[in-house]
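Asker: Provided below are the primary sequence and the corresponding predicted coordinates.
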Amino acid sequence: MASRRYTILIADRTSGTVRRMTLARRPTFAVVGLILALPVLVGLGAAWKAKLDVSDLAESHAALQVENASYRAATEALAEQIASLQSAVSDISSNTSMDPNVAKSLDKLPALVKSRAIGGAVAGSDVQRRAQNAAFASMVNTEDAFGLMRTLLESIESRLSLVRTAVDRRNALAAATPSMWPAHGWLTSSWGLRTDPVKGGADFHPGLDIAGERGQPVYATAAGKVTFSAYNGDYGNMIVVDHGFGLQTRYGHLLASKVKVGQEVKKGDQIGQVGATGRATGYHLHYEVLANGRLLNPLQLLTQKPEPK
């Protein structure tokens with residue numbers, strides 16, 4: 001069946017010209033329908049695009065939440081590391097203070113004794129350099145800011161660990177340095193050449209003689225372990241304390257000992273009493289200091305007076 005047609009006449013009154021336009025019904029309806037449907041199609045497209053945008057935003061939001069959670073966890077871990085470092089710095093700072101008198105005694109110790117105290121420093125420096133190099137290599141090869149911070153903090157922590165070890169060993173050496181006078185009294189004989197008080201003639205005196213009252217306390221001049229406590233010939237009743245780092249002290253002519261072999265003592269602990277046992281002309285303490293088996297002049301280390309307890 002043929003499609004109906006419509007004719008549209010357009011007349012120009014001035015010139016009398018008439019123009020005819022013939023339209024088929026179906027194409028006309030199709031065009032009209034398309035024109036009417038266009039706003040609807042535009043609206044549907046806009047709605048679909050908005051839906052896609054909302055979906056993208058939801059995905060981005062979820063991704064951001066995951067990323068934020070990761071950053072939050074990394075930040076908390078870094079905060080814990082920083083707090084740990086701050087605590088370590090505080091501990092080291094509190095341990096670095098030292099009695100100036102003890103510091104003077106440390107300066108006068110033989111170099112070999114000091115080298116024993118700082119043993120492992122070279123290896124520690126190698127470890128520090130390796131940690132630092134690893135940190136810089138990581139900073140060059142990674143783009144993760146938190147990773148860089150973690151690496152840097154670990155490097156700092158490694159350095160602090162080495163510093164803490166050095167401080168601890170220095171403090172241990174300070175505690176082992178015989179810097180305190182072993183008894184109250186007056187010095188009757190110094191270290192070195194003297195006249196023998198019994199036989200006369202030249203004599204080398206290996207320690208100090210400190211005169212005092214009978215039974216007066218004798219103190220450990222540094223922390224250590226008692227390795228001898230018995231009668232020993234001319235020394236009479238004698239105590240030997242090993243302080244580590246090659247340092248040793250001897251206490252002779254004692255009236256009595258207050259410690260046993262193997263006992264740990266601290267600086268200032270009473271270990272015996274002033275006496276006159278062995279080869280002695282009166283009540284006094286004979287005191288010696290040895291470093292790596294060699295006698296030292298105790299006077300160069302004695303900077304602290306004993307405090308009565």
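Answerer: Perfect, thanks for sending it.
Asker: from here on, contacts and neighbour counts on C-alpha atoms
Answerer: Fine.
Asker: now do the strands in the stretch 201-309 of the chain.
Answerer: Along the stretch 201-309 of the chain, the segments classed as strands by DSSP state E, counting those that start in this stretch run 202-205, 208-211, 217-219, 224-231, 237-244, 247-257, 264-265, 270-274, 284-291, 294-296.
Asker: ok, Lys114 - contacts?
Answerer: Phe245 (Cα atoms under 8 Å, 6 or more residues apart in numbering).
Asker: for whichever strand or helix holds it, buried residues please.
Answerer: Assigning secondary structure by DSSP states H and E places Lys114 in helix 111-117. Within helix 111-117, the residues scored as buried using 16 or more other Cα atoms under 10 Å are 113-114, 117.
Asker: of these, which is the nearest to Gly33?
Answerer: When the buried residues of helix 111-117 are ranked by distance to Gly33 (Cα to Cα), Ala117 comes first, at 99.2 Å.
Asker: from Val167, how far out is that closest one?
Answerer: According to Cα to Cα, to the nearest Å, Ala117 stands 10 Å off from Val167.
Asker: how many other residues sit next to Asp99?
Answerer: The number of residues packed near Asp99 is 9, by other Cα atoms under 10 Å.
Asker: all helices for this structure, in order.
Answerer: 25-96, 100-107, 111-117, 121-141, 145-176 (DSSP state H).
Asker: among those, which gets the worst mean confidence?
Answerer: Ranked by mean pLDDT, those bottom out at helix 121-141, with a mean of 49.
Asker: what ranges of the stretch 151-300 of the chain fall below the confidence cut-off?
Answerer: Scanning the stretch 151-300 of the chain for pLDDT under 70 picks out 152-157, 160, 194-201.
Asker: thinking again about what came up before, would you convert the strands of the stretch 201-309 of the chain into a markdown table that also reports distance to Val31?
Answerer: Formatted as a markdown table, these follow (distance: least, Cα to Cα, whole Å):
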| stretch | distance to Val31 |
| --- | --- |
| strand 202-205 | 129 |
| strand 208-211 | 125 |
| strand 217-219 | 117 |
| strand 224-231 | 109 |
| strand 237-244 | 107 |
| strand 247-257 | 111 |
| strand 264-265 | 110 |
| strand 270-274 | 117 |
| strand 284-291 | 114 |
| strand 294-296 | 118 |
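Asker: which stretch among those strands comes nearest Gln65?
Answerer: strand 237-244 (58.8 Å).
Asker: one step back: right, and the strands of the stretch 201-309 of the chain - which one's nearest Leu41?
Answerer: strand 237-244 (93.8 Å).
Asker: who does that closest one touch, helix- and strand-wise?
Answerer: Strand 237-244 sits against strand 224-231, strand 247-257, with contacts defined as 3 or more Cα pairs under 8 Å, 6 or more residues apart in numbering; DSSP states H and E.
Asker: follow-up on the earlier one: and the buried residues of helix 111-117 as TSV, adding distance to Leu187?
Answerer: What follows is the buried residues of helix 111-117, written out as TSV (distance: Cα to Cα, whole Å):
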residue	distance to Leu187
Val113	27
Lys114	28
Ala117	31
